[in-house]
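> Dropping a prediction and its sequence here:
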Amino acid sequence: MPAVQETIDRVKAIDVDQYKYGFVTDIESETGARGLSEETVRFLSAKKNEPEWMTEWRLDALRRFQTMTEPTWARVDYPPVDLQDLYYWSAPKSVAGPTSLDEVDPELLRTYEKLGIPLREQEILAGVEPKNRVAVDAVFDSVSVVTTFKDELKKAGVIFCSISEALREYPDLVRKYLGSVVPVTDNYYATLNSAVFSDGSFVYIPEGVRCPMELSTYFRINEKNTGQFERTLIIAEKGAYVSYLEGCTAPQRDENQLHAAVVELIALDDAEIKYSTVQNWFPGDKDGKGGIYNFVTKRGDCRGKNSKISWTQVETGSAITWKYPSCILRGDNSRGEFYSIAVSNGHQQVDSGTKMIHLGKNTSSRIISKGISAGKSQNTYRGLVSAHRKASNARNFTQCDSLLIGQDCGAHTVPYIESKNATAQFEHEATTSKISDDQMFYCMARGLSQEEAVALIVNGFVKDVIQQLPMEFAVEAQKLISISLEGSVG
Amino acid sequence: MTTPITLTQAETGLLDRFDAAQAGLAGSAPVAALRAEAAAQLRAKGLPHRRVEEYKYSDLRAFLKSAAPLAAAVTEAEAKAALASAGLLGDLDRFRIVIANGTFLPGLSDVAALAAEGVSVTDFSTALAGEGGAALLAQPKSAGSDGVLALNTAFVQGGVVLSVKAGAEIAKPVELIQIAVSGGGQVTRCRVELAEGAQLRLIETFAGNAGAGEINAVFDYVVADKAKLASTRLLTSEAAGAVLATTLSRLGAEAELKTLGFIAGPEFARNQQFVAFAGEHSEAKIYGVSMARGKALADQTLIVDHAVPHCNSREFFKTVLDGEARGVYQGRINVAQHAQKTDGEMMTQALLLSEGAEMANKPELEIFADDVICAHGATCGQIDEDLLFYLRARGIPEAEARTLLVLAFLSEAIEEFGEDDVTDVLEQRVRDWLAVA
Amino acid sequence: MLEIKNLHARIAEDGTEILRGINLTVNPGEIHAIMGPNGSGKSTLSYILAGKEDYEVTEGEILFNGENLLDMEADARAAAGVFLAFQYPIEIPGVATMEFLKTALNAQRKARGEAELSIPDFLKLVKSKAADLNVTMDMLKRPLNVGFSGGEKKRSEILQMALLQPKLCVLDETDSGLDIDALRIVSEGVNKLRSPERSMIVITHYQRLLDHIVPDVVHVLSKGRIVKTGGKELALELEKNGYADYVGEAA
C-alpha cells in the first residue's frame, strides 16, 4: 500500500500543527450584510439579481426561522452562535459576475492551486488522461469564482453552474426543485440557509445522459466572521448518472466560523447520483480553539423507480459536525447507500449518521459507518432506518463500527430502527473497540513503528468505505485520516 | 420551558387521587415530602409522552385516558379465594410471598419457612414509616427523572423488603406474586437485598384483574459482593390498564445478576431496568421475551451502567408481534471513562407475524473508555420462508410449522437464560399465546 | 549471535514468575530446539525475545550480535533480524496479506537504510517465495490471517520469514494444528532458510517436528530453567520417556 508510506512521511513532515490548509488568501473582499435581518436578505437577493419569487421565498424562510429555536438533541456542546455578529456576504472584489477562466483573479487561482485544485482546463487536459477529468465549481466565501469545463458539459446537455447563475438562466428548473427535498422549515439550520444562502452548485443531467466527467465543488471559507451558507441542487432525470465530489477547507483562525449548508438531490426513474465528500474544514487547534461549526442538511430523494443515491463521506475536519446525509426511498426498487468515515481528534465533536426512509416497495439501503475517535474528541453515530406501511420487502443492512484511540475520547452509537412492515428485513450490527495490543505487537514484531502500525490498522478498519470513493479521492482521504490522527498514540 | 402544560383528564385524575390519598399513604415525614415532590413533577411535566426521548415509542400520556382510584385493601380470605384461580406456575416447588391490592399479606406468605432458610420478609410500608424510609425510595442517576418511577414514589401502597443473609443459598425459587383482587391502581415497591455470597432465585408474577387501574411495580435489587440473583418476571395479566415494571439493580464486586422479563398479555406493558455496576468483576445477563397482538404495546427498556472496570454484561431480547401490536426495545450500554476492560454485548431480534405490526429497536452504546469490547446487533423481519417450506416439505402443517419456528425463535433467549424450572413454564406460556391465534 | 544470560522474567500484570535463570548461547548457523512440558516457559521465552510488553525481565540480559536486545522496541528487534513465528498468528481485518507483507518488508528495509522495493520487484519476490509454500494469490489477497485455516496461518508465517530474511528465527510451536502434509511443506520452507549466517530456535512440545527440522542442540525447559542440554538424540529420548525425569530434577 503506497499510500500508507506516503501518509507516514507526510505526517512526519508536519510538526506541531497538522492542518495544512490553514493559510489566508490576501485578497480584497467586499463584505456586507452584517446581522440577520430582512435588509440582509434583500441585500443578498439584490446582489444576485434574483427574481422576485426568490426574494419572497427567502423572506418567508427568514420569518419562519425567527420562530424557531436551536435544536439541542445532538451530542455536541458549543457556545451559542451570535447570528447578528456574522457577515452574510463576502466576495472577492474582483469577482463581478459570471467569469471565464481568463478573467479570474490570479490570486484566487493560486489559492486553489495551493489547495491542490487545478482550475485551468488546459493544465488539467495536459496532465491527466481525458477519462479522469473533473469539472470544478470553485466557491470562495459567498460566491462561485469559476466553473470549469462548462462548455464541454453543455454539449452533453449537462448543466453545471453556480446556483446564482442557475437562478438567472434556468429559473423554472430551480423553482421546480428547490426546497422539494429539504423543505424550507425542515430544521433550524436548513431554514436559516433558505433565508441567506449565498452560493453553491447546480447540476442538471438530462434524461438518459451519463455525465461525461466527475463534477466537483470546492468550498473555501477565507474571510473572517463570515458564515458560509451554500446550497447545492442536483437533479438526475430518467436514466441519468452523475458522480459529484465535494471538498472543503478553511483558514486557521481563533474564532469559530459557521457553515450551514443544504444539499438536495433528486433522482428520477432509473437515475443514479453518487455524492462524495471529503470534509476538511479547520478543526480548531490542539486546545480546541477555533474551528468550523459544520451544521449541514443533506438529503437525497429517490423519487423515481429503480433510482439510486449513494452518499460517501470522509469527515476529518470541523470543530463541530452535525450532519446526516439521508435518502428518501420513494420510488419502488430504489436504493440508498451511506458510507462514512468520521475521524475526530483533539477537541472535535462529531454527531453524524444517516436516515434511510423506506417508502416504496422493494427498496433497499446499506449503511457502513466507521468512526475513529482520538484525543479528547467525542464521536457519535446517529441513524434512523425506517420502513413505512407500504414498504414491502424493504431491506437494510447497517454496519457501524467505532475505534477508540486513547482514553480521553468517547464513541457513541445511537441507532433508531423502526419497522412498520412485516416483510421488511433489517439487520444492524455495531461494535466498539480499540486497536488491540496483540495487533500492535504483531505489526511491531514485523518491524513497523507504532505510528506505522496504527496507520496500517486504521486503513484496514476504514477500507470498506475508502473503496467507495473515486480513485483520486481515495488516496487523498487515506492521507487525511492519518494526518488527522497524528499524535494520537504514544 | 416554564409554560405550564395543559393537564389531561388522566393527569388531573391522578393529581386528585394524590390529594385524596396523601394523608393515608404510608411513610415518615421525609417520605411524605418525596411523595409530594413526585406529585409536583407530575403536575409540572405530566405523564411521560412521546416528546420525552425515553418514551418516544411508548406514549403513556396518550394511553391513559383516565385515572382509576387506588385499589382498596383486602382481607386475607378475599385474597386467598382470588389466589386459588391464579395458578401461573402450576405445581412448581417454590416458596411464595403474596401481595394483594398493593399490600403485603404475611398470613398467606411462607414467612416462617423462608426465615428458616435465612430470608427475612417484612412489610415495605412499615419500613417506609421507619427512620430510613426515605432512603428506600432513592433512585439511580441513570433513571433521571423517570415519570413512571415518580408515579410509583407518589402512590406506593406497600410491598416487601426481602433480605437474604450472607452466604445463604436458597435452593427453591421464591415466587413473589402480586394479585389484583379488585380493580384500581396497584402500586408497589419491593426491595430485594442479597448479602455477601447469598444466592436467590426469584419469580415475580402478576395475577388478577386491576380493571382500568394501573400496575406500577418497582423492584429494587441490592446484590452484594459475590452474591447471585436470578429473577424471572412474568407480565402476563390481561390487564386493560398500563402495566409498568421497573427494576433498579446495584451489583457489588464479583456479583451476578440474571433477569428475564416476559411480556404477554397487557394492553400497555413496559418493563424498564436500570442496572448499575458498583464493584469489579461482576456480570449481568439481561434477557427479554415479548409477545403482543391486537393493539397492544410491549416495551422493554434498559440502561446498563458500567461505572467500574472489568464487568461484563449481556443483553438478549426477542420480540414477536401479531395484529397491529407494537414492540419496543430500547437498550443502552454506558461505559464510564475508567471502566476499562468492559465487555458488553447486546442483541435484539424481532419477528413480525402480521402486516400491521410495528417494531422499534434502539440499541445504543455510549462509551468513554477505550479498552473495551462492546457490540450490539438488531434484526427485524418475518418468518424465514425457506425454513417454513422445509418444514412443510417434511409434512408439518403450516400453522404448526409457524408455531415451531416462533417457539424456536423465542426459546433462544429462554434457553440461554437457563433457569430450568421456569423454562417449561415460559415455553408453555408461549405455546398458549400462539394457540389463541 | 544470541546470548541469553541468567534471564529471569515474570508476568507484568500479576508478578507470576515464569523464567528463573535461563542461560543459552546460539551461534550463527545453529538450530536449537527447546522442548518442555506445558507451562515450562517456552512461549514466554519466545515473546520476550520478540519484545512483548506483557512480561517484565527482573534479572539477566539478552545480547543479540553484541547489542542489548532488551533495550530495543519490538519493531527495532525485527529490523535487527529477530523473527518470531507466532503460535497463534493474529487476524487483522481489512488489511490484505499482500499489503501487510509489503509494508513490513519496506519498513524493515527502511530501518536498515535500504531502498524500498519497487512494486514489480516486490511482486516477483513474493510470488517466488509463495509458490514454494503453496500459498496462493487468492490467499495473499485475503485479509491477513482472517478466516485462514490453521495450516494457512502457519504457511503465511513462514512466508513472512522467507521474505524478511531474518538473522534469528524463533518458531513457537509451529507444528501445532498442522497435518502431516502441511508439516512437510512448512518444514521444507524452514529448511530452505538454513544458512551458516542464520540461527533458529525451534520451540516445540513434540519430537515429530524435529524429524523434519533437524536441530544441532536440544534443550529441555522446565519450570523456567534449562534442565538438560544434548544433541538431537535427546529429543528421541524425550519422545520415548516423556518429561517426567527432567521435571523432577528442576524442582
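Noted; the coordinates are in hand.
> which helices and strands sit right next to the helix or strand hosting B:V243?
Using DSSP states H and E, B:V243 sits in strand B:242-251. If contacts are counted by 3 or more Cβ pairs under 8 Å, 6 or more residues apart in numbering or on different chains; DSSP states H and E, strand B:242-251 sits against helix B:60-63, helix B:147-155, strand B:215-223, strand B:228-235, strand B:256-264, strand B:268-277. In short, each C-beta sits where N, CA and C put it, glycine included.
> Name every strand pairing with it and say which way it goes.
strand B:215-223 (parallel), strand B:268-277 (parallel) (DSSP bridges).
> buried stuff in stretch C:224-233?
C:G224, C:R225, C:I226, C:V227, C:K228, C:K232 (16 or more other Cβ atoms under 10 Å in any protein chain shown).
> Helices along the stretch 301-450 of chain A, start to end?
A:437-445, A:450-466 (DSSP state H, counting those that start in this stretch).
> so can I have CSV of the ones you listed showing mean pLDDT and mean neighbour count?
Formatted as CSV, the helices of the stretch 301-450 of chain A follow (pLDDT from 0 to 100; neighbours: other Cβ atoms under 10 Å in any protein chain shown):
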stretch, mean pLDDT, mean neighbour count
helix A:437-445, 89, 22
helix A:450-466, 86, 23
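> TSV please, covering these and showing distance to B:V223.
Shown next, in TSV, are the helices of the stretch 301-450 of chain A (distance: least, Cβ to Cβ, whole Å):
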stretch	distance to B:V223
helix A:437-445	32
helix A:450-466	38
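> which residues touch residue 292?
Chain wasn't specified; assuming chain A. Applying Cβ atoms under 8 Å, 6 or more residues apart in numbering or on different chains to A:I292 gives the contacts A:221, A:250, A:256-259, A:281-283, A:317-320.
> could you do chain B instead?
B:A292 makes contact with B:I263, B:A264, B:A269, B:A298, B:T319, B:V320, B:L321, B:D322, B:G323, B:A325, B:R326, B:G327, according to Cβ under 8 Å, 6+ apart.
> What pLDDT does the model give the residue in the stretch 101-250 of chain C that chain B sits nearest to?
Taking Cβ to the nearest Cβ as the measure, the stretch 101-250 of chain C has C:V146 as its residue closest to chain B, at 17.1 Å. Per-residue pLDDT puts C:V146 at 86.
> and what of C:E249?
50.
> give me every residue that touches the closest residue to A:C409 other than its chain neighbours.
Counting by Cβ to Cβ, 6 or more residues apart in numbering or on different chains, A:C409 lies nearest to A:S373, which is 3.9 Å off, once chain neighbours are set aside. A:S373 is in contact with A:S344, A:N345, A:N379, A:S402, A:L403, A:L404, A:I405, A:C409, A:G410, A:A411, counting by Cβ under 8 Å, 6+ apart.
> and what of A:Y324?
Applying Cβ under 8 Å, 6+ apart, the residues near A:Y324 are A:T297, A:K298, A:S352, A:G353, A:T354, A:K355, A:R382, A:G383.
> With neighbour count added, can I get those residues in TSV?
Output for those, formatted as TSV (neighbours: other Cβ atoms under 10 Å in any protein chain shown):
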residue	neighbour count
A:T297	24
A:K298	24
A:S352	26
A:G353	26
A:T354	27
A:K355	20
A:R382	23
A:G383	24
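> Between the residues you listed, which sits nearest A:V263?
Distance to A:V263 across the contacts of A:Y324 (Cβ to Cβ) is lowest for A:K298, with 4.2 Å.
> I'd guess the closest one is in a helix, am I close?
No. Going by DSSP: H, G, I helix; E, B strand; the rest coil, the assignment for A:K298 is strand, not a helix.
> doesn't A:S326 make contact with it?
Yes. At 7.0 Å, A:K298 and A:S326 qualify as touching, with contact defined as Cβ atoms under 8 Å.
> Give me the neighbour count for whichever residue of the stretch 201-350 of chain B sits closest to chain C.
With Cβ to the nearest Cβ, the shortest gap between the stretch 201-350 of chain B and chain C falls at B:K341, namely 11.4 Å. For B:K341, the neighbour count with other Cβ atoms under 10 Å in any protein chain shown is 16.
> so who does the closest residue to A:Q425 other than its chain neighbours touch?
Counting by Cβ to Cβ, 6+ apart, B:G381 is the residue found nearest to A:Q425 once chain neighbours are left out, at 4.0 Å. By Cβ under 8 Å, 6+ apart, the contact list for B:G381 reads A:A422, A:A424, A:Q425, A:F426, B:A350, B:L351, B:L352.
> could you dump these to CSV with pLDDT?
Putting these into CSV (pLDDT from 0 to 100) gives the following:
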residue, pLDDT
A:A422, 91
A:A424, 94
A:Q425, 94
A:F426, 95
B:A350, 96
B:L351, 95
B:L352, 95
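> okay, the helices and strands packed on strand B:242-251 in a markdown table with mean pLDDT, mean neighbour count and distance to C:E73 next?
Output for these, formatted as a markdown table (pLDDT from 0 to 100; neighbours: other Cβ atoms under 10 Å in any protein chain shown; distance: least, Cβ to Cβ, whole Å):
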| stretch | mean pLDDT | mean neighbour count | distance to C:E73 |
| --- | --- | --- | --- |
| helix B:60-63 | 95 | 18 | 59 |
| helix B:147-155 | 96 | 24 | 54 |
| strand B:215-223 | 97 | 24 | 45 |
| strand B:228-235 | 97 | 23 | 45 |
| strand B:256-264 | 97 | 24 | 41 |
| strand B:268-277 | 97 | 25 | 36 |
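> of the buried residues of stretch C:224-233, closest to chain A?
Nearest member of these to chain A, counting by Cβ to the nearest Cβ, is C:G224, at 22.0 Å.
> Make TSV from the strands paired with strand B:242-251 and add distance to A:R42 to it.
Formatted as TSV, the strands paired with strand B:242-251 follow (distance: least, Cβ to Cβ, whole Å):
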stretch	distance to A:R42
strand B:215-223	58
strand B:268-277	53
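> Those strands: which one's closest to B:L162?
Nearest of the strands paired with strand B:242-251 to B:L162, taken as Cβ to Cβ: strand B:215-223 at 9.9 Å.
> who's in contact with the closest residue in space to B:V98 that isn't next to it in sequence?
Closest residue in space to B:V98, ignoring its immediate chain neighbours: B:L108 at 4.2 Å, by Cβ to Cβ, 6+ apart. Applying Cβ under 8 Å, 6+ apart to B:L108 gives the contacts B:E76, B:A79, B:K80, B:L83, B:R96, B:V98, B:A100.
> Can you tell me how far B:L108 is from B:L114?
Computed as Cβ to Cβ, to the nearest Å, the B:L108 to B:L114 distance reads 13 Å.
> Give me every residue in chain C that's in contact range of chain A.
Chain C comes close to chain A at residues C:50-53, C:73-75, C:77-79, C:84, C:86, C:89-90, C:92-95, C:99-100, C:102-104, C:106-108, C:111, C:116, C:119, C:143, C:160, C:164, as judged by Cβ under 8 Å from any Cβ of the partner chain.
> ok, of those residues, which come out buried?
Buried members of those, counted by 16+ other Cβ under 10 Å: C:50-52, C:74-75, C:77-79, C:84, C:86, C:89-90, C:92-95, C:99-100, C:102-104, C:106-108, C:111, C:143, C:160, C:164.
> picking up where we left off before, if I look at B:L108 and B:L114, which residues touch both of them?
In contact with both B:L108 and B:L114: no residue, using Cβ under 8 Å, 6+ apart.
> just to revisit the earlier point, which of the buried residues of stretch C:224-233 fall within strands?
C:R225, C:I226, C:V227, C:K228 (DSSP state E).
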